[in-house]
Structures are given as C-alpha cells and as structure tokens.
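Undergrad: mind looking at a prediction? Sequence and model below.
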Amino acid sequence: MFESKCAKGCIFHKIFLFKSRSSQLVLGNQNEPSKNKKRFKCKECATLGSEWRIFFSLKHQLGIIPKWRYIDRQMTSMINISKILSDTQRGIKVESARDYIELSRKGLTMNQLRNILQFTSITLKDIASILSISERQLSRYEDSKILRTDISAQLIQITELYQFGYDVFEGRENFQGWMKTAIRALDYQRPIELLDTPFGIQDVKNVIGRLEYGVYS
C-alpha cells in the first residue's frame, strides 16, 4: 500500500516503534478481536506491534485515531525531568509528579534553575521577566541559593510544559520556535509570554494537548 522506503524513514517507523516477530503491522485497539483490526504491510519492515507509540504528526494523515495512549513517552519524560530537577547534594530525587510538592517546598537551587534554562533555551532575561525578578539579581545568585517555594513551583511547571511540548512536536527546535510565535488560540499572544502565571502555563498546555490530537489552533 505504501511505497516509502524504510531505514527508519518508513511511514510506519514514524507512527510506531515496535518489537515483534510477526510480519504485519496492526492498527487498532489491542483489546479488539483480530478480525476488527486493519492490517497494513510495509514491503521491508512492517511488523505486528507489541509496543505502541503513536506520533501525532502522521496518525491523522493516515486517518487513524487510536483508542489507546502509550505509556512509554510518559516514562521517558519523567526520566528527563528527573535528571534536571533531582539534587543529589541535598538528597532530593524526583521519581514522580508527586515529588514536585516536596521539591517546591524545599525550593530549587540556582544551579537547578540554570539546568532548566539550558533545557528550555529560555534566556536569563526572559526567565527574569517570567519570575518577576530583576535579571541583575538573578545573575548575582550563587549556585547554592535556594529559591522561594512559589518560584520553584513555577519553574517545575515550566519544565514539565517544555518536556510535554518536546514530545508532541517531536523535537526541541520546533517547539521552541512555536513558543515564540503568536498563536491564534491564545489571542495571538506568544506562549512564552504566558508563563508568568500558573493559569497561563495551563492555557498553553491545553493548546498543545489539542495539537497532539490534531485540533488546529
């Protein structure tokens, strides 16, 4: 049906990462009887998927709206966030979203803030504006400086938002560019301009969620 060459450039590779020994790729709910599933075969690589990872950019192009969501991405996202927010020197390890509460209470350090800036590519000037702190004051803080609870919680939300965006946009550059673009669904505001409040962060996250399911924004 599809003439695309493989080498992980095949259209199937961009929809599924899979492990299997079978010879066909099945699209459909895993809980449905086999007769109700649609089968497509790539000449070189299509196999029956036992691990399903859906990528939004092509699933709608094929007209396939899956009834399941994959868990692998959530696990990978948590691992990435843990690397940024965990603090071995203070014995703080982030293993789940519940750990955000205690981490916020203890406060992020300035070193963790710099890790977040590197992860998001947000400039010191922009983050100073978002946090309502002068750029000069931030630049003077030592790495061990512990930030306030409200600021720490805000930074955690921003980190989580960017990880979600990277997953949905399938890359950092695409999402970072989108964050600096006027978006109609946000009344033609740039998403990065809304990160100064929890409500703005949630609004941006909602729009990204709509994009993930192919809703034009």
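TA: Great, that's in hand. Residues are numbered from 1 along each chain as shown.

Undergrad: what count of nearby residues applies to Lys205?
TA: 16 (other C-beta atoms under 10 Å). Heads up, the C-betas are built off the backbone N, CA and C, glycines and all.

Undergrad: should've said Thr181
TA: Around Thr181 there are 11 residues (other C-beta under 10 Å).

Undergrad: in this structure it contacts Ile192, no?
TA: No. Checked against C-beta atoms under 8 Å, the pair Thr181 and Ile192 is beyond contact range at 9.4 Å.

Undergrad: poorly predicted segments of the protein, please.
TA: In the prediction, the chain carries residues with pLDDT under 70 at positions 1-73, 215-217.

Undergrad: biggest helix in it by residues?
TA: In the chain, with assignment by DSSP state H, the single longest helix is helix 149-169.

Undergrad: helix or strand right after that one?
TA: Downstream of helix 149-169, the next assigned helix or strand under DSSP states H and E is helix 172-179.

Undergrad: same for that following helix, what does it pack against?
TA: Counting contacts by 3 or more C-beta pairs under 8 Å, 6 or more residues apart in numbering; DSSP states H and E, helix 172-179 packs against helix 149-169.

Undergrad: number of residues surrounding Ser134?
TA: Around Ser134 there are 11 residues (other C-beta under 10 Å).

Undergrad: my guess is it contacts Ala128. True?
TA: Yes. The criterion here is C-beta under 8 Å, and Ser134 meets it with Ala128 at 6.2 Å.

Undergrad: what's the separation between Ser134 and Tyr141?
TA: Distance of Ser134 to Tyr141, given as C-beta to C-beta, to the nearest Å: 11 Å.

Undergrad: any chance you could map the strands in this structure?
TA: For the chain, the strands defined by DSSP state E occupy 25-27, 38-40.

Undergrad: and the spatially closest residue to Tyr100 that is not a sequence neighbour, what does it touch?
TA: In space, and not counting its chain neighbours, Tyr100 is closest to Ile156: 5.1 Å by C-beta to C-beta, 6 or more residues apart in numbering. By C-beta atoms under 8 Å, 6 or more residues apart in numbering, Ile156 lies in contact with Leu85, Tyr100, Leu103, Ser104, Leu108.

Undergrad: what is the nearest of these to Ile151?
TA: For these, the minimum distance to Ile151 (C-beta to C-beta) is 7.6 Å, reached by Leu108.

Undergrad: count of neighbours near that closest one?
TA: Residues lying near Leu108 (other C-beta under 10 Å) number 27.

Undergrad: now the residue nearest to it when sequence neighbours are not counted: how far from Lys145?
TA: The shortest distance from Leu108 to any non-neighbouring residue, by C-beta to C-beta, 6+ apart, is to Ser152 (4.2 Å). Counting by C-beta to C-beta, the separation of Ser152 from Lys145 is 12 Å.

Undergrad: look at those two and report which has more neighbours.
TA: Ser152 (22 against 14).
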